[in-house]
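Chemist: Here's my sequence, what's the structure:
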Amino acid sequence: MYRRVWLLAGAAAAVLVITASATATTKVSTAASASRGTPAAMPFAKAFAQTPRTVAARKAKLTTIWAEEQDINGFNNNLNCCNQLAAGLVGNFEALHGAFNINDKGTYFLDLAKSAKADKTGVVYVLRPDANWYVGGKKVPVTGKDFIYTWQNLNGSIKANDVASTAGYDQIASVTGSGKTVTVKWKTCPPGGPTGTNPCGFYADWQSLFGGLYPSFALQGLDFNKIWTNCICDAAGKPVANGPFYVEAYTKGQGTVLKKNPFYYKPAKLNEVDFKFIADSNTQVQAMRGGEVDGLMSPTFGQNLAPLQTTPGVTFESTPGYFYEHLDLQFGPKAQNPLLRSPWMRQAIMMGIDRQAIINTVYGALAKGLKPLNSAVYFQTQAPYKPWFKVWDFNAAKALALLKKHCTGGPASPDPSNSSYWTCSGYPATFRFSWTASNPTRANQEAIIEAQLKSIGIKIVAAPRAANVFFAQYVSQGDYDIADFAWVSPDGDPSGYFAIWSCGGDSNYLHFCSKKASDLMAKSQSEGDPVKRAAEWNAADKIMAAAVPTIPLYQRPAPLAYKTALLGVKNNPATVSATWNIEDWHWKS
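Modeler: Numbering: from 1, shown residues only. This next block holds a predicted model:
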């Protein structure tokens, strides 16, 4: 189950992810029964106790163990609480598939659908006859009812559903079909066309829709906000999956055990894949070198990974990933300092940060020509990329001059030893800086930024948080001043950013609003001409660059490390993971 944009706990990433129609054939109950959730899976320790501890024994049992550094808040990562790449890495990608998947070249290919045709009126999907659900050992067909349930719960019509994004699904008027043919109809736009508050019409990134389906038959009457907290299962706790694996066991803070789904149309070559949570990046490297694990799944990119480049029997890869590593500046009511609402303060902060120095320090030789990113919607490796944010590139003297116009009490010139901080309109230029704890790369970035801003009279107060707490209780609640994390755009398409940067967007955690930019983004969502669409996104990006609600840092590389004897593993810069083709993994004979 991929998402166009994911929140990535610990390493960095954006989600995309509908109004019940009179023509829909399935309805969602919101009555008293909706207080129910799903139970927990088998405890991880019980299942993991059967996993061999040596590489040779794991090969014999067609099993592999991978380290995963991020704990999760639940497997339903369409919710704000659980909008984490980690949930996808250890369960969703393997268990929950949909109409399309995306390969390591960034190209969509048909998965559970055998055909899909889109036009200005809608989309018609024809599902594979062998597209089935695994439900506790029983086979249930994947049907149009699963598309309807997915659409109804992600389009925003059920206000109680705390979804991270409705993008694309909120442009659908109806979904019909109870068998293997599914018909989607777009909403008709008013004369003025789509706006930030009224998305409608053709959805340009339509292939990203229904990338992960929900089993309609297994979730009826359950509270969508409470399902899959500790499993991917039905109301009785039986594992559910339509991908190559199902979640057999999971314990928060310990790990996940996946077992082969015998009903997936392309049977997996491994019988079992285990993900062991190892939060500390250095401990992950030690476990890899010591043979305790066979791979590191999307580890945080940093110099601590360097030893894996020369470890015998280990393949280490790194490719430019669709990671938007950045700082968010909070506009909302939970910001402790209202100075961040002033554009001149945000501009001064960005000019006071030497982003290239951060790259060179935290990555060293691994950086390989990595440069600061200067767009909030496109990556440097994409053709439409325009460096709008470059106007605020590092310039300590200019930042200091700007602060002097509005504040008092700061240093006369940039000084690393400075102890004088600005006061502006009665407020001290002091800001909380939050990031995911136990992440050495992020911790290094904070220390560098704190020192750089200190030299121009801005004080940073470190506020690291545990990864799951950071996203669920702070970022998604807008409870920060400056937050260092990243968005991941699995297909590189900017459509997912509509939920993040538009006024009132489901994932607009920093509470930034530009109606002009929001309307441009809404218009682009329905624009079928890629040239015009890129121009609209760039126009919106230019507006945001002037306002500086976010500070792009860099396009972070996507690293991958695994035993060389484990074949079929392919890093995917689009999904920033290797699980997109997990059914092809196999040990060398």
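
Chemist: the bottom helix or strand of this structure by mean pLDDT?
Modeler: Of all regular secondary-structure elements in the chain, judged by mean pLDDT, DSSP states H and E, the least confident is strand 6-7 with a mean of 42.

Chemist: in the helix or strand following that one, what counts as buried?
Modeler: Helices and strands here follow DSSP states H and E; after strand 6-7, the next one along the chain is helix 44-48. Buried positions in helix 44-48, judged by neighbour count with 16 or more other C-beta atoms under 10 Å: 44, 47-48. For the C-beta atoms, the positions are set from N, CA and C on the backbone; glycine is no exception.

Chemist: Also stretch 251-264?
Modeler: Counting neighbours by 16+ other C-beta under 10 Å, one finds that the buried residues in stretch 251-264 are 251, 255-261, 263-264.

Chemist: just stretch 557-569 next, same as before
Modeler: Neighbour count says stretch 557-569 has 557-563, 566, 569 buried, by 16+ other C-beta under 10 Å.

Chemist: Pull up the distance across that stretch, start to finish.
Modeler: Its start and end residues considered, stretch 557-569 measures 17 Å (C-alpha to C-alpha, to the nearest Å).

Chemist: quick revisit: which one of the buried residues of stretch 251-264 is nearest Thr441?
Modeler: Within the buried residues of stretch 251-264, distances to Thr441 taken as C-beta to C-beta reach their minimum at Gly255, with 22.7 Å.

Chemist: Just give me the closest of the buried residues of stretch 251-264 to Leu209.
Modeler: The nearest member of the buried residues of stretch 251-264 to Leu209, counting by C-beta to C-beta, is Tyr264 at 21.2 Å.

Chemist: and the closest residue to that closest one other than its chain neighbours, how many residues sit next to it?
Modeler: Taking C-beta to C-beta, 6 or more residues apart in numbering as the measure, Tyr264 lies nearest to Pro244, with 4.6 Å between them; neighbours along the chain are not counted. As a burial measure, the neighbour count of Pro244 was computed by other C-beta atoms under 10 Å and equals 28.

Chemist: that's a helix at Asn538, yeah?
Modeler: Yes: assessed by DSSP: H, G, I helix; E, B strand; the rest coil, Asn538 belongs to a helix.

Chemist: What's the separation between it and Ala218?
Modeler: Asn538 sits 43 Å away from Ala218, going by C-beta to C-beta, to the nearest Å.

Chemist: give me every residue that touches Trp388.
Modeler: Shown in contact with Trp388 (C-beta atoms under 8 Å, 6 or more residues apart in numbering): 374-375, 538, 541-542, 544-545.

Chemist: ok, of those, which come out buried?
Modeler: Among these, those that count as buried by neighbour count (16+ other C-beta under 10 Å) are 374-375, 538, 541, 544-545.

Chemist: Would you reformat those residues as a markdown table and include pLDDT?
Modeler: Supplementary listing: the buried ones among the contacts of Trp388 in a markdown table, determined by pLDDT from 0 to 100:
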| residue | pLDDT |
| --- | --- |
| Asn374 | 98 |
| Ser375 | 98 |
| Asn538 | 98 |
| Asp541 | 98 |
| Met544 | 98 |
| Ala545 | 98 |
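
Chemist: Sort out for me which of these are in helices.
Modeler: Judged by DSSP state H, helices contain the following of those: 538, 541, 544-545.

Chemist: so can I have CSV of the residues you listed showing distance to Asn73?
Modeler: What follows is those, written out as CSV (distance: C-beta to C-beta, whole Å):
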residue, distance to Asn73
Asn538, 35
Asp541, 31
Met544, 29
Ala545, 32
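
Chemist: and of those residues, the nearest to Cys513?
Modeler: Top of the list for closeness to Cys513, among those and by C-beta to C-beta, is Met544 at 10.8 Å.

Chemist: Secondary structure element holding Asp146?
Modeler: For Asp146, the secondary-structure element it belongs to, assigned by DSSP H and E, is helix 144-154.

Chemist: could you give me the average pLDDT of the following helix or strand past that helix?
Modeler: Downstream of helix 144-154, the next assigned helix or strand under DSSP H and E is strand 172-176. When the per-residue pLDDT values of strand 172-176 are averaged, the result is 98.

Chemist: Adjacent strands (with direction) for strand 172-176?
Modeler: strand 181-186 (antiparallel) (DSSP bridges).

Chemist: Going by neighbour count, list what's buried in the strand it pairs with.
Modeler: By neighbour count on 16+ other C-beta under 10 Å, the buried set for strand 181-186 is 182-186.

Chemist: what's the answer for stretch 190-197, then?
Modeler: Of the residues in stretch 190-197, those buried under the neighbour-count criterion (16+ other C-beta under 10 Å) are 194-196.

Chemist: And for stretch 416-424?
Modeler: Neighbour counts using 16+ other C-beta under 10 Å place 418, 421-422, 424 of stretch 416-424 among the buried residues.

Chemist: Restricting the selection to alpha carbons, write that stretch to PDB.
Modeler: Output for stretch 416-424, consisting of C-alpha atoms alone and laid out as PDB, is shown next (Å, rounded to 0.1, in the frame of the first residue of the first chain):
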ATOM      1  CA  PRO A 416      30.000  32.100  16.700                       C
ATOM      2  CA  SER A 417      30.700  33.200  20.300                       C
ATOM      3  CA  ASN A 418      27.700  35.500  20.400                       C
ATOM      4  CA  SER A 419      25.600  35.600  23.700                       C
ATOM      5  CA  SER A 420      23.300  38.500  22.700                       C
ATOM      6  CA  TYR A 421      19.900  37.600  21.400                       C
ATOM      7  CA  TRP A 422      17.300  39.700  19.600                       C
ATOM      8  CA  THR A 423      14.000  41.000  21.100                       C
ATOM      9  CA  CYS A 424      11.400  41.800  18.500                       C
END
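
Chemist: Let me know the average pLDDT across that stretch.
Modeler: Within the predicted structure, the mean pLDDT of stretch 416-424 is 97.

Chemist: Quick one: distance of it to the chain centre.
Modeler: Centroid displacement of stretch 416-424 relative to its chain, using C-alpha atoms, centre = their mean, to the nearest Å, is 36 Å.

Chemist: can you check stretch 193-211 too?
Modeler: Centroid displacement of stretch 193-211 relative to its chain, using C-alpha atoms, centre = their mean, is 19 Å.

Chemist: same check, this time on stretch 473-493
Modeler: Between the centre of stretch 473-493 and the centre of its chain there are 9 Å (C-alpha atoms, centre = their mean).

Chemist: ok, so of the buried residues of stretch 251-264, who is nearest Phe512?
Modeler: Using C-beta to C-beta, Thr256 is the member of the buried residues of stretch 251-264 that lies nearest Phe512, at 35.2 Å.

Chemist: wait, that closest one sits on Glu272?
Modeler: No: with contact taken as C-beta atoms under 8 Å, Thr256 and Glu272 are classed as non-touching, separated by 11.0 Å.
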